[in-house]
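> coordinates only, sequence not included:
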């Protein structure tokens with residue numbers, strides 16, 4: 001195996017290495033010079049689009065059709081997207097490997113997977129009028145430069161809100177780039193424009209001249225951490241300055257009169273300048289190294305290095321990681337390097353292996369850790385194994401060592417080697433993998449339809465696999481050539497028993513593809529009604545949606561379906577749907593009681609529920625502010641019941657209520673008193689109280705009020721108005737249908753014991769023995785009570801009364817006299 005330092009180049013005091021990732025990347029007849037070339041970060045896909053500004057050799061009519069071709073880094077064609085939507089002015093990638101295409105009129109397409117599915121929006125803000133000149137992209141957004149130098153920023157792709165930022169000065173823009181919001185001082189995107197000999201920095205609020213005098217600049221590039229800016233002038237000089245333009249860090253003269261094709265950063269420590277077939281890497285203090293190629297070379301910058309891509313080869317240029325430098329650098333005597341040598345001696349069964357171990361014994365833990373980390377940074381499987389063997393050998397000698405890092409590194413390397421394989425073409429470095437996260441790596445595999453590898457990696461890393469299965473099934477229903485029953489059976493068999501599977505998402509994909517029957521079949525396997533129902537409604541499967549909601553027992557979900565159906569269906573159709581479903585009918589009835597009485601009337605009418613329907617009118621009548629409207633409502637309620645023999649009682653009650661209202665309305669007009677809201681008895685009471693006895697008798701006759709009831713009402717009314725004369729006159733009546741005791745009780749309670757006493761003799765025949773004595777006592781008439789005791793020959797009561805009156809009082813003497821008479 002070749003020495004790992006063979007491809008190292010010293011740039012200043014640091015080493016850089018160029019790792020060959022893939023060979024024979026593109027076909028030899030594919031002239032990359034004539035293509036717009038852009039690559040996604042984290043070893044992502046490459047997009048190629050034929051440059052419309054350049055002449056091409058004629059290769060038949062088929063070749064004339066424009067397309068955006070998506071390749072992996074190994075040159076495998078992922079997808080060819082046909083393009084006929086106008087001139088492309090911007091082609092870039094988001095951090096999530098979404099392809100962004102911006103046309104001259106400001107139309108933006110966001111291809112959210114690698115299979116041609118997209119969302120679209122327009123930049124507006126004058127883009128259609130002035131036209132887009134160019135675009136610059138960052139991880140979550142981009143900025144478009146218009147022909148009038150206006151700048152339009154889009155900060156998010158999921159909810160794009162294009163907006164103009166501050167206006168830069170007029171003049172030709174020689175080159176431009178941007179600083180992402182994550183790294184800018186203003187926390188918003190900042191645009192660097194080379195206009196004249198200086199740089200203008202434009203953000204949301206202002207455009208500021210940085211007052212440089214070394215321009216114009218043909219290329220501007222910002223380091224991945226946003227702290228440094230590389231500037232390349234027309235005279236062939238490259239400058240590196242801080243992004244706040246306060247310090248000039250280095251200057252390099254390329255001595256080239258040919259302008260470079262691209263300038264990018266290699267990590268945060270060096271700048272890569274690419275010409276047609278030549279690449280320079282420029283480090284601090286004017287240090288440089290050069291690489292030469294047989295054809296046009298394209299640069300794709302990443303966080304920790306740069307991919308160099310030609311027709312023949314894809315390479316990764318990066319600063320040699322510190323741990324790698326510590327292990328492999330020529331002449332190093334680090335513990336990790338000695339440990340690596342020890343394992344090689346062990347393989348040759350040399351006793352020197354033990355000598356090496358004893359030599360580094362004090363630093364053995366450090367050596368093991370370094371070898372583990374260095375293995376992660378290696379792309380060569382041979383050196384990965386050697387370094388891990390060295391680490392394994394070292395930790396076997398140690399008494400105590402935490403092997404978690406070793407195990408984790410073995411797992412990560414196994415994953416990295418699998419995705420770096422040329423059939424997959426994702427050449428992630430260890431650092432890129434940590435930044436990207438395993439979850440996003442799985443998503444990239446899903447977008448490439450590498451389902452088997454995605455499942456294996458997820459299982460290996462103990463990640464959920466449900467989204468992989470769902471994506472596979474969704475793709476199956478989109479492009480599967482089998483009949484729908486076969487596809488459904490295949491999907492269900494494959495996914496049965498898998499946790500977290502959303503059949504609703506698969507069914508939605510089927511419905512969007514025009515396979516409604518298949519979507520319905522798949523939804524039957526979705527256990528969550530809340531997921532089933534919205535899609536069924538979208539599919540116009542209204543009754544199935546309602547049945548599923550009812551089966552779930554979720555009243556909120558049932559209400560949701562019912563509201564949707566009520567909006568969508570004619571009223572008659574809506575009632576037909578719910579009539580056979582008692583739960584739905586009950587919910588509609590309960591909710592409509594207070595919120596929608598009109599719907600309730602229609603429901604009762606449809607069901608021929610006359611009494612319930614009339615009750616709605618009665619409730620409305622009660623709430624009416626004026627008598628006329630109330631009478632009208634009651635008339636409607638009565639009309640609703642009039643055709644049925646079973647509702648004679650209810651009909652009579654409504655007629656009487658209407659008659660009462662009319663009579664009360666007449667009383668109010670004639671007597672200038674308020675009668676509204678009173679019952680028949682209350683109305684009679686008020687008439688008697690006001691002295692309108694004749695009207696009360698007429699009303700009694702009209703409503704056939706019983707004699708007992710009218711006597712009670714008259715008694716309470718006369719007592720209430722304290723009409724003692726009328727009551728005294730009434731006492732002369734020979735017979736009372738309610739008896740005379742109520743007269744005594746009511747009048748006594750009203751505070752007139754004298755009048756109340758008049759009714760004691762009339763009530764006496766119906767009273768229990770001795771009760772009349774107590775009644776006289778209540779009136780304060782002890783002498784009368786004593787007379788009654790004498791009449792009833794109740795000696796005990798007489799003695800009690802005598803004692804209570806007192807022997808010396810006039811009452812006492814009168815009672816004594818009555819007692820003497822009783823003895824005679």
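Here it is on my side, so go on. Quick caveat, the model's predicted, so the values are computed rather than measured. Numbers count the residues shown, from 1 in each chain.
> What is the neighbour count of the nearest residue to residue 376 once chain neighbours are set aside?
Nearest residue to residue 376, sequence neighbours excluded (CB to CB, 6 or more residues apart in numbering): residue 430, at 3.9 Å. (Glycine included, C-beta is placed from N, CA and C.) Applying other CB atoms under 10 Å, we find 20 residues neighbouring residue 430.
> I'd say residue 430 and residue 412 touch.
Yes. Counting by CB atoms under 8 Å, residue 430 does reach residue 412; the two are 7.0 Å apart.
> Return every residue with contacts to both of those two.
Residues touching both residue 430 and residue 412 (CB atoms under 8 Å, 6 or more residues apart in numbering) are residue 376.
> hang on, the earlier thing: can you name the residues that contact the residue nearest to residue 376?
So residue 430 contacts 376, 377, 412, 416 (CB under 8 Å, 6+ apart).
> From residue 123, how far out is it?
Residue 430 is 38 Å from residue 123, where distance means CB to CB, to the nearest Å.
> ditto for residue 412
Counting by CB to CB, the gap from residue 412 to residue 123 is 41 Å.
> Pick out whichever of those two has more residues nearby.
For residue 412 versus residue 123, the count of surrounding residues by other CB under 10 Å is larger for residue 123: 25 against 18.
> That one is in contact with residue 152, isn't it?
Yes. The criterion here is CB under 8 Å, and residue 123 meets it with residue 152 at 5.0 Å.
> between these two, what contacts are shared?
106, 144, 162.
> Tell me which helix or strand in this protein has the weakest average pLDDT.
helix 61-64 (a mean of 52; mean pLDDT, DSSP states H and E).
> After it, which helix or strand is next?
Next helix or strand after helix 61-64 toward the C-terminus (DSSP states H and E): strand 67-71.
> just checking, what packs against the helix or strand following that following strand?
As assigned by DSSP H and E, the chain's next helix or strand after strand 67-71 is strand 77-82. With contacts taken as 3 or more CB pairs under 8 Å, 6 or more residues apart in numbering; DSSP states H and E, strand 77-82 sits against strand 67-71.
> The strand it packs on - contacts with which helices or strands?
When contacts are defined as 3+ CB pairs under 8 Å, 6+ apart, strand 67-71 packs onto strand 46-50, strand 77-82, strand 99-103.
> starting at the chain centroid, how far to the helix or strand that the second one is followed by?
Secondary structure here is assigned by DSSP H and E; on that basis, the next helix or strand after strand 77-82 toward the C-terminus is strand 88-93. Mean C-alpha position of strand 88-93 versus that of the full chain (CA atoms, centre = their mean, to the nearest Å) differs by 31 Å.
> how far off strand 67-71 does strand 88-93 point, in degrees?
Between strand 88-93 and strand 67-71, the angle comes out at 20 degrees (axes from the mean of the first three to the mean of the last three CA atoms, to 10 degrees).
> List the neighbours of strand 88-93 that are in contact with it.
The contact list for strand 88-93 (CB under 8 Å, 6+ apart) reads 36, 38-41, 44-45, 47, 49, 52, 68, 99-104, 131-137, 142, 144.
> ok, of those, which come out buried?
Using 16 or more other CB atoms under 10 Å as the burial test, the contacts of strand 88-93 include 36, 38-41, 44-45, 47, 49, 68, 99-104, 131-133, 135-137, 142, 144 as buried.
> Need the distance between the two termini of stretch 303-316.
One end of stretch 303-316 to the other measures 12 Å (CA to CA, to the nearest Å).
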